[in-house]
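Asks: need a 3D model of the sequence below.
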Amino acid sequence: MPQKKQHIDLSDPNLSSLILRLAIPSVVGLSIHALQQVVNAIFVGALGAQATAAVSMTLPIMVLLAAAAQGIGVGTASFISRHLGAREYLEASRGASTALALTAPIGIIVTVALLPSLPAIFAILGATPTIMPVALDYAGTLLFGNTLMLLNIVSGFIVRAEGDTRFSMWAMLTSFLLNAVLDPVFIFLFDLGVRGAALATLVSQIAAIGLYIGYFAKLGGTVLVRISHISLRADRIRQLALVGAPATMTSILSALAVMLLYGAAAPFGDDSIELSPKVGDGGNRKGGISWGCLTPPLLHRRSDMPCPTITSSI
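Replies: Below you'll find the model as predicted:
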């Protein structure tokens with residue numbers, strides 16, 4: 001497969017330099033994501049304790065929803081990096097395309113199933129009568145963008161798996177800036193309250209997925225996302241699921257821990273629920289590239305064939 005415009009050699013033996021070049025944009029991008037929660041809290045905080053508590057109580061629900069995407073993303077990133085290391089570009093592309101094809105229906109099914117259950121969920125979390133309507137207004141609006149959120153998460157993993165951590169960083173930065181601009185417009189200018197904050201997040205998610213669609217459509221990387229590359233073979237899906245399962249369980253347990261915290265804080269009033277937890281994730285691209293390059297069963301090539309130079313833009 002012909003190489004695209006590329007600058008980073010993922011098979012570079014200089015690990016310290018390579019890790020820094022890949023990690024710094026990832027750290028910046030994840031920091032931007034954390035800052036986005038802070039900006040939301042600042043604007044929503046002006047609406048009162050109930051609004052802040054409602055947004056805070058929605059966060060673990062969104063983390064729980066994102067758990068599947070985290071697992072698919074981690075499994076896909078490992079799958080892609082190993083096959084890129086083996087110079088099996090078509091197989092890497094099939095893994096990426098299949099992951100996105102699995103993510104979309106999962107997001108839609110979960111959204112449809114969860115919407116009517118929100119009142120019961122917030123009741124279990126300990127939402128007070130003053131918080132409940134605000135929480136339902138915010139979460140009910142935000143859930144319509146759940147599928148976009150999951151697709152953004154998986155797309156970010158795919159882009160970072162081939163080494164283009166800088167593009168992922170710019171996508172997150174664009175989403176953050178747009179959200180920061182739209183928050184006061186929707187919340188105060190249009191007088192939409194917490195629903196405005198949710199709508200601002202939805203628009204920023206649309207912008208981010210638009211960037212990823214443009215990246216894949218313009219062949220911005222080595223991995224090609226195509227409908228024709230979707231392959232729902234059981235062994236391929238099993239590979240994605242087994243590697244990603246620990247990440248999914250980690251997110252689920254983190255979300256459940258925060259939910260228990262809200263339940264314990266609820267008897268002490270609305271102010272006690274004003275919490276803003278942050279759940280993160282990470283990955284290792286160099287290890288997958290090396291594994292694919294050095295493991296004979298995956299390569300299907302002559303032992304004297306040199307390890308490939310896998311690069312991507314940054």
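
Asks: residue 36: neighbour count?
Replies: Residues lying near residue 36 (other CB atoms under 10 Å) number 20. The way it works is simple: take the backbone N, C-alpha and C, and place the C-beta from them, glycine included.

Asks: isn't it right up against residue 174?
Replies: No. Counting by CB atoms under 8 Å, residue 36 stays clear of residue 174, with 11.4 Å between them.

Asks: put the alpha carbons of stretch 84-95 into PDB.
Replies: The C-alpha trace of stretch 84-95 is given here as PDB (Å, rounded to 0.1, in the frame of the first residue of the first chain):
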ATOM      1  CA  LEU A  84       0.700  -2.300  10.900                       C
ATOM      2  CA  GLY A  85       3.900  -3.800  12.400                       C
ATOM      3  CA  ALA A  86       3.300  -6.900  10.300                       C
ATOM      4  CA  ARG A  87       2.700  -4.700   7.200                       C
ATOM      5  CA  GLU A  88      -0.800  -6.100   6.900                       C
ATOM      6  CA  TYR A  89      -2.400  -2.800   6.000                       C
ATOM      7  CA  LEU A  90      -5.600  -4.300   4.700                       C
ATOM      8  CA  GLU A  91      -6.200  -6.300   7.900                       C
ATOM      9  CA  ALA A  92      -5.500  -3.100   9.900                       C
ATOM     10  CA  SER A  93      -8.100  -1.300   7.800                       C
ATOM     11  CA  ARG A  94     -10.600  -4.100   8.200                       C
ATOM     12  CA  GLY A  95     -10.200  -3.900  12.000                       C
END
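
Asks: please compute how far that stretch lies from its chain's middle.
Replies: Per CA atoms, centre = their mean, to the nearest Å, the displacement of stretch 84-95 from the mean C-alpha position of its chain is 22 Å.

Asks: one more: stretch 259-274?
Replies: 27 Å.

Asks: then stretch 25-42?
Replies: 13 Å.

Asks: tell me the buried residues in it?
Replies: Neighbour-count burial for stretch 25-42, counted by 16 or more other CB atoms under 10 Å, picks out 25-26, 28-30, 32-33, 36, 39-41.

Asks: and if you look at stretch 249-261?
Replies: Using 16+ other CB under 10 Å as the test for burial, stretch 249-261 gives 250-252, 254-255, 258-259, 261.

Asks: next step: these restricted to helices.
Replies: 250-252, 254-255, 258-259, 261 (DSSP state H).

Asks: can you put those residues in TSV and add pLDDT and distance to residue 127?
Replies: TSV is the format used below for those (pLDDT from 0 to 100; distance: CB to CB, whole Å):
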residue	pLDDT	distance to residue 127
250	91	26
251	88	22
252	92	21
254	86	20
255	87	16
258	83	14
259	85	11
261	81	14
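
Asks: what two of these are the furthest from one another?
Replies: Farthest pair in those (CB to CB) is 250 and 261. Separation: 16.8 Å.

Asks: okay, now the unreliable bits of the protein?
Replies: 1-15, 34, 220, 272-314 (pLDDT under 70).

Asks: for it, which segments are assigned as strands?
Replies: 8-9, 311-312 (DSSP state E).

Asks: neighbours of residue 268, how many?
Replies: 10.

Asks: how near is it to residue 206?
Replies: In this view, residue 268 and residue 206 are 38 Å apart by CB to CB, to the nearest Å.

Asks: how many other residues sit next to residue 17?
Replies: 10.

Asks: let me fix that: residue 87
Replies: Neighbours of residue 87 under the rule other CB under 10 Å: 19.

Asks: likewise residue 207?
Replies: Residue 207: 18 neighbours (other CB under 10 Å).

Asks: who touches it in this structure?
Replies: In this structure, residue 207 makes contact with 174-175, 178, judged by CB atoms under 8 Å, 6 or more residues apart in numbering.
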